[in-house]
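My questions are about this predicted structure, shown below with the sequence.
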Amino acid sequence: MSAIIAIDDDRAMAAWVQDWTARHGARRDQLLPLLQAMQRHYGHIADHVVPTVARALNISRADVHGVVTFYHDLRRVPPGRHVVKLCRAESCQARGGAAIDRLAAQRLGVAMGATRDDGAVTLEPVYCLGLCAIGPNALVDGRPVARIDAAALERIAVEVGA
Ligand code: FES
């Protein structure tokens, strides 16, 4: 049964890649925009679609794999239902970011860079949100949250169902 789903997913993603390249161009310089669009559409970039993308843009699988694995924001597996990102750049770290990281991992029940087993939340680092003066900062499902402290973390945990 799962093999059938995988084939369907593969065909659907291949069709999506064909459609996208028909509209935006099948050139090497479209690799990153294509991957970003695919992630917006599917939530992640499955490993099995790498050869399809490589063929569509006439580049090597290694080229595609290299870009997918280089950029932190590109996901190879689906994220949790909620995504909490904590800023690990210098200003937020100077404002207690490391302690917030530890507290978040404990309260949300998931290690940094991982997704909880129940799929409720993914916890990830992010490197500067441009809100340095009011850190430590987070992104909760894409929404910036400033001045993260224990109380703010508790509100986030309740919001994401952790
Ligand atoms: S260092 Fe965290 S927002 Fe800039």
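Arrived safely, thanks for sending.

Show me which residues of this structure are close to the ligand?
Neighbours of the ligand within the chain, by CB under 6 Å from any ligand atom: 87, 89, 90, 91, 92, 128, 129, 131, 132, 135, 137. Where you see a C-beta, it was placed from the backbone N, CA and C, and this is true even at glycine.

State the number of residues packed around the fifth one.
Using other CB atoms under 10 Å, the number of residues around residue 92 comes to 27.

which ones are touching it?
If a contact means CB atoms under 8 Å, 6 or more residues apart in numbering, then residue 92 has 86, 128, 132, 135, 136, 137 as its contacts.

Only whichever of those residues are buried, select them in ChimeraX.
With 16 or more other CB atoms under 10 Å as the criterion, this ChimeraX line picks the buried residues out of these:
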select :86,132,135,136,137
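
so which two of the contacts of residue 92 are the farthest from each other?
86 and 132 (14.0 Å; CB to CB).

so how many other residues sit close to residue 13?
19.

For the residues of the chain next to the ligand, give me JSON lines that also has distance to residue 36 and secondary structure.
Formatted as JSON lines, the residues of the chain next to the ligand follow (distance: CB to CB, whole Å; DSSP: H, G, I helix; E, B strand; the rest coil):
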{"residue": "87", "distance to residue 36": "21", "secondary structure": "strand"}
{"residue": "89", "distance to residue 36": "22", "secondary structure": "coil"}
{"residue": "90", "distance to residue 36": "26", "secondary structure": "helix"}
{"residue": "91", "distance to residue 36": "27", "secondary structure": "helix"}
{"residue": "92", "distance to residue 36": "25", "secondary structure": "helix"}
{"residue": "128", "distance to residue 36": "19", "secondary structure": "coil"}
{"residue": "129", "distance to residue 36": "18", "secondary structure": "coil"}
{"residue": "131", "distance to residue 36": "23", "secondary structure": "coil"}
{"residue": "132", "distance to residue 36": "25", "secondary structure": "helix"}
{"residue": "135", "distance to residue 36": "26", "secondary structure": "coil"}
{"residue": "137", "distance to residue 36": "23", "secondary structure": "coil"}
